[in-house]
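Engineer: fold the stuff below for me.
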Amino acid sequence: MKQVEALGGWEGNAACAGLGFAMFFPKLGESGAAARKVCAECPVRGECGRFAKRTGQIGGIWGGVAIVQRQRGKKTQWRQNAATKL
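Structural biologist: Got it, this is the predicted structure:
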């Protein structure tokens with residue numbers, strides 16, 4: 001995990017505050033369902049996801065989204081951008 005510094009104050013309102021990091025960084029083959037459940041009810045889910053994207057987090061579940069989903073999102077956005085330029 002990249003160093004998390006000065007998140008911007010939103011983290012104090014996060015549903016995960018005080019839960020620890022382990023569930024948000026599942027090992028290969030482990031489910032991230034528990035983390036996603038916490039994120040689903042989080043009032044700052046969007047801020048968390050934007051933070052992960054802006055700071056290039058390459059692991060973990062941020063804003064209810066895992067790295068694989070973020071990578072798919074980048075590919076989808078690239079394809080959409082490319083299609084509009086044709």
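
Engineer: all contacts plus neighbour counts: C-alpha atoms, from now on.
Structural biologist: Will do.

Engineer: with adjacent residues omitted, what lies nearest to residue 45?
Structural biologist: Closest residue in space to residue 45, ignoring its immediate chain neighbours: residue 63 at 4.4 Å, by Cα to Cα, 6 or more residues apart in numbering.

Engineer: tally up the residues packed near that neighbour, please.
Structural biologist: When neighbours are defined as other Cα atoms under 10 Å, residue 63 has 23 of them.

Engineer: so it makes contact with residue 39?
Structural biologist: Yes - assessed by Cα atoms under 8 Å, residue 63 is found in contact with residue 39 at 5.9 Å.

Engineer: any residues in contact with both of those two?
Structural biologist: Listed as contacting both residue 63 and residue 39 by Cα atoms under 8 Å, 6 or more residues apart in numbering are residue 45.

Engineer: the most centrally placed residue in the chain bridge partners, please.
Structural biologist: Closest to where the C-alpha atoms of the chain average out (Cα atoms, centre = their mean) is residue 62, at 2.1 Å. Residues in a beta bridge with residue 62, per DSSP bridges, are residue 65.

Engineer: distance check, it against residue 12.
Structural biologist: Distance of residue 62 to residue 12, given as Cα to Cα, to the nearest Å: 15 Å.

Engineer: and if you look at residue 57?
Structural biologist: Counting by Cα to Cα, the gap from residue 57 to residue 12 is 19 Å.

Engineer: neighbour count: those two, which is higher?
Structural biologist: residue 57 (19 against 12).

Engineer: would you agree that one falls within a strand?
Structural biologist: No - looking at residue 57 with DSSP: H, G, I helix; E, B strand; the rest coil, it is coil, so not inside a strand.

Engineer: and it, what are its phi and psi?
Structural biologist: phi -60, psi 130 (degrees, to the nearest 10).

Engineer: tell me the predicted confidence for it.
Structural biologist: Listed pLDDT for residue 57 reads 88.

Engineer: same question for residue 12.
Structural biologist: pLDDT, residue 12: 88.

Engineer: stretch 26-41: which residues count as buried?
Structural biologist: By 16 or more other Cα atoms under 10 Å, the buried positions in stretch 26-41 come out as 26, 32, 35-36, 38-39.
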